[in-house]
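**Q** Sequence and predicted structure are below.
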Amino acid sequence: MRQGTGTWRQATALLLTLLALLLTGCARRGQAATPAWDGVLRISAPPLAHAGETVSVLVEGAAPDGAEVTLTVMLGYGPHVYRAQMIRGAAALAIPAADTREAGAATLVAGVGAARASTSLNIVAGPTTTLSEPLVGPRSICVGELDHSLATVIASDQYDNAPADGTGLTLHLSYPDGSLAALELRTRGGMAWAPLVGHRRAGTVAVGATSGGAHSSDADMSVAACVPTPFSLRAVPPGLPADGRQILTLRTSPITDSYANPLPDGTLITFLVAAPSGELRIPAQTIGGVAEVTLRAPQEPGTASVRAIILGVESAPLEIVFSSMGGLAPLHR
């Protein structure tokens with residue numbers, strides 16, 4: 001009987017212990033959590049900073065000492081989070097230079113418990129350190145001011161940020177005649193551009209740019225004579241007997257534009273020969289502004305009329321007399 005009574009007492013003690021533990025857990029769950037601090041926060045930061053600078057931020061509020069302060073900086077591709085602790089109502093934080101290299105508008109949000117405060121920070125590009133080689137297109141234009149090209153330069157700071165719109169940039173031009181020109185430009189969207197004309201001398205124009213202490217490499221633009229002025233033809237010798245064997249040379253006078261620039265080597269010219277025996281089209285190319293072809297004497301005497309056409313400009317006709325075998329007739333125009 002005593003053994004049964006001891007067992008019952010042990011079971012009763014175990015049951016009471018479990019009940020006490022259960023009641024203690026319920027009491028704990030019923031207790032309210034300590035509320036997060038929800039006072040007034042103030043955040044101070046400079047409104048503007050240059051790319052690559054360390055930015056100091058001050059967070060102030062009546063939060064208790066040791067309370068954690070989070071500073072979230074939203075800029076570019078994602079947020080950066082920094083932490084500190086409140087001491088005597090303030091916390092000093094710093095956004096490191098490595099995190100301010102990207103120019104743009106940033107939002108700074110400070111948090112302590114449930115309290116929040118925010119401000120804006122504008123990160124601007126630093127001084128221009130890099131200029132692209134001028135992008136010139138087309139790379140070849142005609143002499144004179146009726147034709148033109150376009151030069152574009154891309155500028156950036158040391159972190160590849162585009163400079164602020166309105167940043168000064170100078171385009172430098174060196175012409176084939178030795179003259180120089182400087183065009184003062186302003187950037188827009190990180191670029192500056194200007195039209196280019198061919199001046200008066202055929203050759204190569206060197207195009208470069210500077211901005212502050214930054215210098216670009218030079219690009220080349222070719223300037224060539226494109227519109228020939230009237231020209232003439234001559235035959236050497238001026239005539240031949242009609243023997244079907246001998247050859248004469250048809251040669252142009254120097255073919256130039258209105259600024260006395262010879263047309264580029266390799267410019268196509270066509271000689272048109274109208275003779276009693278038929279018509280010939282003889283293609284040729286200029287060398288040093290002059291073109292020439294050879295013409296064999298016909299077997300029948302007569303007069304041939306020769307013209308040449310280059311870039312839509314036609315020479316005056318030249319008449320060549322191929323005399324009978326008895327003598328050589330003079331040249332007639």
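**A** Received it, and whenever you're ready, just let me know what you need.
**Q** show me where pLDDT drops low in the stretch 51-200 of the chain?
**A** Within the stretch 51-200 of the chain, no range satisfies pLDDT under 70.
**Q** ranges for the helices of it?
**A** Counting by DSSP state H, counting those that start in this stretch, the stretch 51-200 of the chain has no helices at all.
**Q** Surely Arg188 and Pro163 touch.
**A** No: at 10.1 Å, Arg188 does not count as touching Pro163 under the criterion of Cβ atoms under 8 Å. Bear in mind the C-beta positions are built from the backbone N, C-alpha and C, glycine included.
**Q** Number of residues surrounding Pro262?
**A** Counted by other Cβ atoms under 10 Å, the residues lying close to Pro262 total 19.
**Q** In contact with the spatially closest residue to it that is not a sequence neighbour, which residues?
**A** The spatial neighbour of Pro262 that comes closest, neighbours along the chain excluded (Cβ to Cβ, 6 or more residues apart in numbering), is Gly289 at 2.8 Å. Residues in contact with Gly289 (Cβ atoms under 8 Å, 6 or more residues apart in numbering) are Pro254, Ile255, Thr256, Pro262, Leu263.
**Q** Including secondary structure and distance to Ala117, could those go into CSV?
**A** Formatted as CSV, the contacts of Gly289 follow (DSSP: H, G, I helix; E, B strand; the rest coil; distance: Cβ to Cβ, whole Å):
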residue, secondary structure, distance to Ala117
Pro254, coil, 81
Ile255, coil, 78
Thr256, strand, 76
Pro262, strand, 75
Leu263, coil, 74
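**Q** Weed out the non-buried ones from those.
**A** Ile255, Thr256, Pro262, Leu263 (16 or more other Cβ atoms under 10 Å).
**Q** Out of the contacts of Gly289, which is nearest to Thr210?
**A** Pro262 (34.1 Å; Cβ to Cβ).
**Q** mind listing what that closest one touches?
**A** Ala202, Ala225, Pro254, Ile255, Thr256, Thr286, Gly288, Gly289.
**Q** The first one against Pro176, yeah?
**A** Yes: the pair Ala202 / Pro176 is scored as a contact, 6.6 Å apart, by Cβ under 8 Å.
**Q** quick one: Ser217 and Ala206, what's the gap?
**A** 10 Å (Cβ to Cβ, to the nearest Å).
**Q** can you tell me which two in the contacts of Gly289 are farthest apart?
**A** Pairwise distances across the contacts of Gly289 (Cβ to Cβ) peak at 9.2 Å, for the pair Pro254 and Leu263.
**Q** ok, back up a step: need the overlap of contacts for Arg188 and Pro163.
**A** Joint contacts of Arg188 and Pro163 (Cβ under 8 Å, 6+ apart) do not exist.
**Q** Compare those two (neighbour count), which wins?
**A** Pro163 (26 against 12).
**Q** List the residues that contact the more buried one.
**A** Contacts for Pro163 (Cβ under 8 Å, 6+ apart) come out as Ala125, Thr128, Ala155, Ser156, Asp157, Thr187, Gly190, Ser211.
**Q** same deal with Ala181?
**A** Contacts for Ala181 (Cβ under 8 Å, 6+ apart) come out as His172, Leu173, Tyr175.
**Q** Just the buried residues of those residues.
**A** Counted by 16+ other Cβ under 10 Å, those give His172, Leu173, Tyr175 as buried.
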